[in-house]
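Colleague: need a 3D model of the sequence below.
(one chain, ligands or ions: 2)
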Amino acid sequence: MEQTFVMIKPDGVQRGLIGDIVYRLERRGLRLVAAKLMQVSRQLAEKHYEEHRDKPFFGELVSFITSGPVFAMVWEGQGAIAVVRQMMGKTNPQEAAPGTIRGDLALSIGMNVVHGSDSPESAAREIALWFGGETPLKYERSMDRWI
Ligand code: RTP
Ligand code: MG
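Modeller: Ligands and ions are numbered 1, 2, ... in the order given. Next up, the predicted model:
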């Protein structure tokens with residue numbers, strides 16, 4: 001069963017969108033296996049986004065992610081990584097399709113509400129980085145056999 005790391009960014013938390021985003025992922029059939037509301041340190045933000053270290057927007061990105069609490073989660077399900085990326089929509093919300101999280105809930109590329117791992121390698125790295133030491137729960141819901 002595939003696992004992916006999902007984070008509701010500070011704009012999503014401040015705008016009261018945690019419930020909306022969790023609702024969408026749960027209704028799709030994905031299963032929440034770890035979650036925490038947390039203030040991100042500069043060190044964690046830089047490590048999380050290290051692939052973007054040399055980009056012109058890196059400083060802004062790290063300032064934004066550390067600007068308020070985020071809701072960090074691990075979601076599990078068949079094809080979870082690609083499914084969540086699809087549900088998030090394009091990075092630039094102005095190009096994201098209606099029906100996607102960014103296409104429904106955001107307008108600017110800098111404040112695009114949600115992060116999701118972009119590959120199995122990223123998912124493994126990010127789950128270890130954000131939930132290192134904590135093991136995502138293993139459990140079955142009675143509805144899982146219908147998904
Ligand atoms: P994320 O990592 O946050 O899930 O977003 P993503 O995969 O869709 O996009 P990525 O290329 O990884 O970029 C990470 C975040 O950097 C900001 N960004 N700004 N100003 C710009 O041109 C620019 N490009 C990217 C976005 O907030 C993006 O989510
Ligand atoms: Mg990314």
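Colleague: CA only for contacts and neighbour counts going forward, please
Modeller: OK.
Colleague: now stretch 53-67: how far from the chain's centre is it?
Modeller: Centre-to-centre, stretch 53-67 and its host chain are 17 Å apart (CA atoms, centre = their mean, to the nearest Å).
Colleague: what's the answer for stretch 127-135, then?
Modeller: 14 Å.
Colleague: who's in contact with it?
Modeller: 4, 5, 44, 48, 72, 74 (CA atoms under 8 Å, 6 or more residues apart in numbering).
Colleague: in this protein, what residue lies closest to ligand 1?
Modeller: Ranked by CA to the nearest ligand atom, the top residue of the chain for proximity to ligand 1 is residue 115, at 3.3 Å.
Colleague: give the contact list for that residue.
Modeller: 6, 7, 8, 9, 88.
Colleague: and stretch 35-53, what's its mean pLDDT?
Modeller: Per-residue pLDDT values over stretch 35-53 give a mean of 98.
Colleague: could I get the buried residue list for that stretch?
Modeller: Applying a neighbour-count criterion of 16 or more other CA atoms under 10 Å, one finds 35, 39, 40, 44, 45, 46, 48 buried in stretch 35-53.
Colleague: quick one, which of the contacts of residue 115 are buried?
Modeller: 6, 7, 8, 9, 88.
Colleague: quick one: pLDDT of the fourth one?
Modeller: Predicted confidence (pLDDT) at residue 9: the value is 98.
Colleague: surely it and residue 106 touch.
Modeller: No. Using CA atoms under 8 Å, residue 9 makes no contact with residue 106, being 11.6 Å away.
Colleague: spit out the residues that contact the two alike.
Modeller: Contacts common to residue 9 and residue 106, judged by CA under 8 Å, 6+ apart, are 112, 113.
Colleague: around ligand 1, pick out the residues from the protein.
Modeller: When proximity is defined as CA under 6 Å from any ligand atom, the chain approaches ligand 1 at 57, 61, 91, 109, 110, 111, 112, 115, 116.
Colleague: secondary structure class for the third one?
Modeller: Looking back up the chat, that one is residue 91. Assigned with DSSP: H, G, I helix; E, B strand; the rest coil, residue 91 falls in the coil class.
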